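**Student:** pasting a predicted model and its sequence here:
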Amino acid sequence: MKSRRLQPVIKIAKEREDDAALALSEYRKVVDQHEAKLIELRHYHDEYIQRLNEAGRGGMNIAQINDYRSFIARLAVAVKQQEALLLECQQQLKEKNKAWIQTRGRHQALDKVIDRYQQQEQEVRDKREQAESDERSQHMGRNKSSE
């Protein structure tokens, strides 16, 4: 039967779909971590700008101001780098999502083929049973008429 012969193919397609779904899920976690880090860096950047402004009003020497500015500049660079990394990771996430959709589509298509084969096989069995039933009925009818 065709449907049974395709079961190993279906199993492989299901495994591939599961693998793609797992990779997608794991990579979503990576993207979430990078987003959290970016939020944290932006928060630190804004916090240090606010501290600089407050400290500047309270009287701060030039060396301290320069230290704050230098640190804020390094934070700004870190924010830009994290934004670039996040953008790259989001692109990779889109690719993993596309791969999962493709493997899912293949698996679903194979499932439909199997369903169609099983339906055809059931129709063949039903016709065979009906023919056997008709033959038994005719045979019984002949036996009654010969009695």
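**Tutor:** Structure received. Because the structure is predicted, anything quoted here is derived from the model rather than measured.

**Student:** C-alpha coordinates for stretch 36-43, PDB please?
**Tutor:** Provided in PDB are the C-alpha atoms of stretch 36-43 (Å, rounded to 0.1, in the frame of the first residue of the first chain):
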ATOM      1  CA  ALA A  36      17.000  43.100  26.500                       C
ATOM      2  CA  LYS A  37      20.700  44.000  26.400                       C
ATOM      3  CA  LEU A  38      20.000  46.900  24.000                       C
ATOM      4  CA  ILE A  39      17.300  48.200  26.300                       C
ATOM      5  CA  GLU A  40      19.700  47.900  29.200                       C
ATOM      6  CA  LEU A  41      22.400  49.800  27.400                       C
ATOM      7  CA  ARG A  42      20.100  52.500  26.300                       C
ATOM      8  CA  HIS A  43      18.900  52.800  29.900                       C
END
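
**Student:** quick thing: my sequence starts at 7, can you match it?
**Tutor:** Yep, numbering from 7; the last one is stretch 42-49 now.

**Student:** what ranges of the protein fall below the confidence cut-off?
**Tutor:** Residue ranges of the chain with pLDDT under 70: 147-153.

**Student:** where do the helices sit along it?
**Tutor:** Along the chain, the segments classed as helices by DSSP state H run 8-11, 13-64, 68-152.

**Student:** and the second one, what does it pack onto?
**Tutor:** Read it as helix 13-64. When contacts are defined as 3 or more C-beta pairs under 8 Å, 6 or more residues apart in numbering; DSSP states H and E, helix 13-64 packs onto helix 68-152. Yep, even glycine has a C-beta here, placed from its N, CA and C like the rest.
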